[in-house]
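Asker: Sharing a sequence plus its predicted fold:
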Protein chains: 2
Amino acid sequence: MARPTMNDVARTAGVSLKTVSRVVNGEPTVTPDLAARVRAAVESLDYRPHLGASMLRRNDRRTRTIGVLLEDVSNPFSGALHRAIEDEAHARGVHVLTGSVGDDDGRERELARAFRQRQTDGLILAPTGSDQGYLSHFTGTPVVFVDRAPAGFRADTVVSTNVAGAAGAVRHLVGHGHRRIAYLGDRPHIPTARERFRGYLQALGNRPGPVVHDIRGEAAAERATITLLRRADPPTALFTSHSVITIGALRALRRLGRHRSVALVAFDDFPLADLLEPAVTVVAQHPARIGRVAAEALFERIDGYDGPPREIRVATTLIARGSGEISPGP
Amino acid sequence: MARPTMNDVARTAGVSLKTVSRVVNGEPTVTPDLAARVRAAVESLDYRPHLGASMLRRNDRRTRTIGVLLEDVSNPFSGALHRAIEDEAHARGVHVLTGSVGDDDGRERELARAFRQRQTDGLILAPTGSDQGYLSHFTGTPVVFVDRAPAGFRADTVVSTNVAGAAGAVRHLVGHGHRRIAYLGDRPHIPTARERFRGYLQALGNRPGPVVHDIRGEAAAERATITLLRRADPPTALFTSHSVITIGALRALRRLGRHRSVALVAFDDFPLADLLEPAVTVVAQHPARIGRVAAEALFERIDGYDGPPREIRVATTLIARGSGEISPGP
DNA sequence: ACATCGAGAGACAACGTTGTCATGGAGTAG
DNA sequence: CTACTCCATGACAACGTTGTCTCTCGATGT
């Protein structure tokens, strides 16, 4: 039993093929009587139009699908982004194809290409690879970047105010009397990490405390923190520039029993930060807002807006909860 | 400038349409020389095959896309599920359309229908609505349920061992001397909630402590917990059957300063549970495993397996961290 | 040298839908 | 009563691709 076609519907309803097409597409020029018969036939045969054929004949090339490539759909930041994008898409009757890029440099390209091959109407991308130049011949498929600035290619970009946010965090610590404030951060070739580091430097007037770059993963962050605190001249406060690093640092502080004596301000909020002891002071990003704004920008592009690439910054919010208000020891 | 077609490629390469088709589809019966010319033409014109036309003509009806409908892609459980499913799909060259169903009873049906309309090869669904009967005429599109059992329709289902897990949690508390153990749970019409409640009852030999059903959201859970603990005869231990409820209960315990004196075992693990004080004892689910198993089952179905609906249970793990090992007061 | 075979290449139809145009019948104005 | 308009309906082609069949040409075997 093959899938029913419009012709089958036409035959059962006793009308022409074209009339079925009209009813299915909601054209108003069909007598109610006929329309009803067609709808009944559609129902009884469980007819569903063949999108391939429809796409083929239509001149409008929209698939009403966008692609979303995030670092890892299972982390809370990506999840919130994803959800916000999905809500915007849903409101427009658009569907969302997702992919996790992870750290694999090739997977970003591979998935971006595959999505384009699938004729997604647009793409929202959290760039992971070191170069997005390959996007330059994606003519006709608008792209919006989120969370990180791209390299080698320019398009609308929606990111947090990383410099200002980081600077605010560090100034907060300075305001509580700290002088030796450590920076713990991700690989500095990542634009976001670089910006946060810049904010850190700026707040300290380019006279940084101990700096550790290139931290990858919770365990590495924990080790780095322990090493820092065992120095002869340990920092009295930490600024962690990424939530994974924050968790590692928290574990280290616990392990050394220093969580009530070493101050900490983290970039990026995380669930339950307020229930820890002490509760963790953070510079909160607003992933839902970033996602919404990015989706709006993408849909503008899809609808034909053709201005120059825009860089949209979403402000961060410092939330004082306790860990950032610890004073340096005597 | 319209999009190039196979004909354009054929003309530039000086071969026939069909030869281009063969090269594009990797058929081996083309002279290397011609194949090279075709590939050069494809490159220079930035030709990409029109999926619609291809799908139309091919007799293989696969879109190599599956749909995944979860409660909310931004919660950690759904995120981990999603990620695991995506990894399995990626390994098979299959793409993933996602949707968040939320609590909206209609959105589940709407999205399920839309995905099927899009001709996804299969669907993984965490059912939210009270009835999945509408799926019964989804002939030809295999469905696998995750996290919750469906109602009104049977298909492969992958869920945690809810009864055993909950019973284990409660027995753990009993083992630490508790007699008045409260149950805090979601709406009992949800199969998962009902099963966990059954496990609770079973562990107590059908002589339950205080029971609160129908808790929706963190705030409600917090209020319910406060009410419970202010009773004349308050419970000495809590069993929270859902992570949202767990968070609310934790907040309430903090607020009343009872977090070190009232025991708690939670169903479902959550990030940082080990960093709270006391660290939270949980019955951990394994969403990544659930997702992987569900994806495997779906792909088996897609590949033609046609046995009766299977119910696959993924075991939970009790992780003792502190909160569940608090003894009842004198 | 001739028949046979095989493999690479092309001609052509077909997939299910929508755009275009023709048709016919009812309604309206003169 | 006729001529004209209008509009619902239908016939037909076309979209870009792949399946099938045929053709051609060179190789092989006798």
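Answerer: That came through fine.

Asker: just the helices in chain A please.
Answerer: A:6-13, A:17-24, A:32-45, A:51-57, A:76-91, A:105-117, A:162-175, A:191-203, A:218-229, A:243-256, A:287-302 (DSSP state H).

Asker: now these as a markdown table including mean pLDDT, mean neighbour count and distance to DNA strand D?
Answerer: C-beta here means a position set from N, CA and C on the backbone, and glycine is covered the same way. Output for the helices of chain A, formatted as a markdown table (pLDDT from 0 to 100; neighbours: other CB atoms under 10 Å in any protein chain shown; distance: least, CB to the nearest atom of the strand, whole Å):
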| stretch | mean pLDDT | mean neighbour count | distance to DNA strand D |
| --- | --- | --- | --- |
| helix A:6-13 | 93 | 19 | 8 |
| helix A:17-24 | 94 | 19 | 3 |
| helix A:32-45 | 92 | 15 | 4 |
| helix A:51-57 | 89 | 16 | 4 |
| helix A:76-91 | 95 | 22 | 27 |
| helix A:105-117 | 89 | 17 | 11 |
| helix A:162-175 | 98 | 21 | 43 |
| helix A:191-203 | 97 | 21 | 37 |
| helix A:218-229 | 97 | 19 | 46 |
| helix A:243-256 | 96 | 22 | 43 |
| helix A:287-302 | 97 | 22 | 21 |
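
Asker: among those helices, which is nearest B:Asp306?
Answerer: Set against B:Asp306 and scored by CB to CB, these come closest in helix A:32-45, at 23.3 Å.

Asker: doesn't A:Ala284 make contact with A:Ala273?
Answerer: No. If you go by CB atoms under 8 Å, A:Ala273 and A:Ala284 don't touch, sitting 9.0 Å apart.

Asker: picking that back up, between the helices of chain A, which gets nearest to B:Pro188?
Answerer: Here helix A:76-91 is closest among the helices of chain A (CB to CB), at 27.0 Å.

Asker: Can you name every helix or strand that the closest one contacts?
Answerer: Helix A:76-91 is packed against strand A:65-70, strand A:95-100, helix A:287-302, helix B:76-91, strand B:95-100, with contacts defined by 3 or more CB pairs under 8 Å, 6 or more residues apart in numbering or on different chains; DSSP states H and E.

Asker: who does A:Ser100 bridge with?
Answerer: Taking DSSP bridges as the rule, A:Ser100 bridges to A:Leu70.

Asker: Give me the neighbour count for it.
Answerer: By other CB atoms under 10 Å in any protein chain shown, 25 other residues sit near A:Ser100.

Asker: any idea how far it is from B:Arg255?
Answerer: The span separating A:Ser100 from B:Arg255 equals 38 Å under the rule CB to CB, to the nearest Å.

Asker: Endpoints of stretch A:42-62, how far apart?
Answerer: 24 Å (CA to CA, to the nearest Å).

Asker: Over to stretch A:65-83?
Answerer: Taking CA to CA, the first and last residues of stretch A:65-83 lie 15 Å apart.

Asker: ok so, going back, would you turn the helices of chain A into TSV with distance to B:Asp121?
Answerer: Putting these into TSV (distance: least, CB to CB, whole Å) gives the following:
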stretch	distance to B:Asp121
helix A:6-13	23
helix A:17-24	23
helix A:32-45	22
helix A:51-57	13
helix A:76-91	21
helix A:105-117	16
helix A:162-175	41
helix A:191-203	36
helix A:218-229	37
helix A:243-256	35
helix A:287-302	26
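
Asker: Got the domain ranges for chain A?
Answerer: Using automatic domain parsing, the domain parsing of chain A gives A:6-57, A:65-160+A:287-313, A:162-286+A:318-325.

Asker: could you dump those domains to a markdown table with distance to B:Gly52?
Answerer: Below are the domains of chain A laid out as a markdown table (distance: least, CB to CB, whole Å):
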| stretch | distance to B:Gly52 |
| --- | --- |
| domain A:6-57 | 3 |
| domain A:65-160+A:287-313 | 8 |
| domain A:162-286+A:318-325 | 38 |
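
Asker: Any chance of a markdown table for those domains, columns distance to DNA strand C?
Answerer: What follows is the domains of chain A, written out as a markdown table (distance: least, CB to the nearest atom of the strand, whole Å):
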| stretch | distance to DNA strand C |
| --- | --- |
| domain A:6-57 | 3 |
| domain A:65-160+A:287-313 | 16 |
| domain A:162-286+A:318-325 | 41 |
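
Asker: Ok, which of those comes nearest B:Lys18?
Answerer: Closest to B:Lys18 of those is domain A:6-57 (CB to CB; 18.5 Å).

Asker: now the closest one, how far from the centre of its chain.
Answerer: Its chain's C-alpha centre and that of domain A:6-57 lie 41 Å apart, by CA atoms, centre = their mean, to the nearest Å.

Asker: any bit of it sitting next to chain B?
Answerer: Yes. Under the criterion of CB under 8 Å from any CB of the partner chain, chain B is reached by domain A:6-57 at A:46, A:48, A:50-56.

Asker: Go through those and name the one nearest A:Ala2.
Answerer: A:His50 (11.3 Å).

Asker: All set, thanks.
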